[in-house]
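>>> Based on what follows, work out the 3D shape:
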Amino acid sequence: RSVELVGEVVESTPPSRLVITWAAASQADNPDAYSRVTFEIVPYQDMVRLTVTHEELEPGSGMDTGIRQGWPIVLSSLKSLLETGKGLDVFAKPN
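Numbering: from 1, shown residues only. Here you go, the predicted structure:
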């Protein structure tokens, strides 16, 4: 399954910060449909901590609901990929 999104890089400070805009491709022409995602990586003991902040979402919208369900799954898959070399099937249905 594919998910079509559009956006632009607002800020890039390698290797610690990335800020992007985010919207469904079907709403690309609507400036009010865009939200903002910030990825921050900071040292934490002998590891790093990734913080993802998704702002400017319309409360209760389909995008808001999708984001609240989607980010935990995507980040869990990223953690599995980094630890084991294999990500999770983020579209698999739970047992």
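>>> Buried residues, stretch 16-35. List them.
For stretch 16-35, a neighbour-count test (16 or more other Cβ atoms under 10 Å) marks 18-24, 33-35 as buried. In short, each C-beta sits where N, CA and C put it, glycine included.
>>> For the residue most central in space within the chain, give me the backbone phi and psi.
Compute the mean C-alpha point of the chain, and by Cα atoms, centre = their mean the closest residue is Trp71, 5.5 Å away. Dihedral angles of Trp71 (phi, psi; degrees, to the nearest 10) stand at phi -60, psi -50.
>>> Please, which helix or strand holds the residue lying closest to it once chain neighbours are set aside?
Once flanking residues are discounted, Trp71 sits nearest to Val52: 6.0 Å by Cβ to Cβ, 6 or more residues apart in numbering. Element membership for Val52 (DSSP states H and E) is strand 47-55.
>>> Output the buried residues of stretch 16-35 as JSON lines; include the columns distance to Ser12 and secondary structure.
Formatted as JSON lines, the buried residues of stretch 16-35 follow (distance: Cβ to Cβ, whole Å; DSSP: H, G, I helix; E, B strand; the rest coil):
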{"residue": "Leu18", "distance to Ser12": "6", "secondary structure": "strand"}
{"residue": "Val19", "distance to Ser12": "8", "secondary structure": "strand"}
{"residue": "Ile20", "distance to Ser12": "9", "secondary structure": "strand"}
{"residue": "Thr21", "distance to Ser12": "13", "secondary structure": "strand"}
{"residue": "Trp22", "distance to Ser12": "15", "secondary structure": "strand"}
{"residue": "Ala23", "distance to Ser12": "19", "secondary structure": "strand"}
{"residue": "Ala24", "distance to Ser12": "23", "secondary structure": "strand"}
{"residue": "Ala33", "distance to Ser12": "23", "secondary structure": "helix"}
{"residue": "Tyr34", "distance to Ser12": "17", "secondary structure": "coil"}
{"residue": "Ser35", "distance to Ser12": "18", "secondary structure": "strand"}
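>>> can you list those in JSON lines and add distance to Gln45 and pLDDT?
Output for the buried residues of stretch 16-35, formatted as JSON lines (distance: Cβ to Cβ, whole Å; pLDDT from 0 to 100):
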{"residue": "Leu18", "distance to Gln45": "23", "pLDDT": "98"}
{"residue": "Val19", "distance to Gln45": "26", "pLDDT": "98"}
{"residue": "Ile20", "distance to Gln45": "28", "pLDDT": "98"}
{"residue": "Thr21", "distance to Gln45": "33", "pLDDT": "97"}
{"residue": "Trp22", "distance to Gln45": "31", "pLDDT": "95"}
{"residue": "Ala23", "distance to Gln45": "36", "pLDDT": "95"}
{"residue": "Ala24", "distance to Gln45": "38", "pLDDT": "94"}
{"residue": "Ala33", "distance to Gln45": "39", "pLDDT": "92"}
{"residue": "Tyr34", "distance to Gln45": "36", "pLDDT": "96"}
{"residue": "Ser35", "distance to Gln45": "32", "pLDDT": "97"}
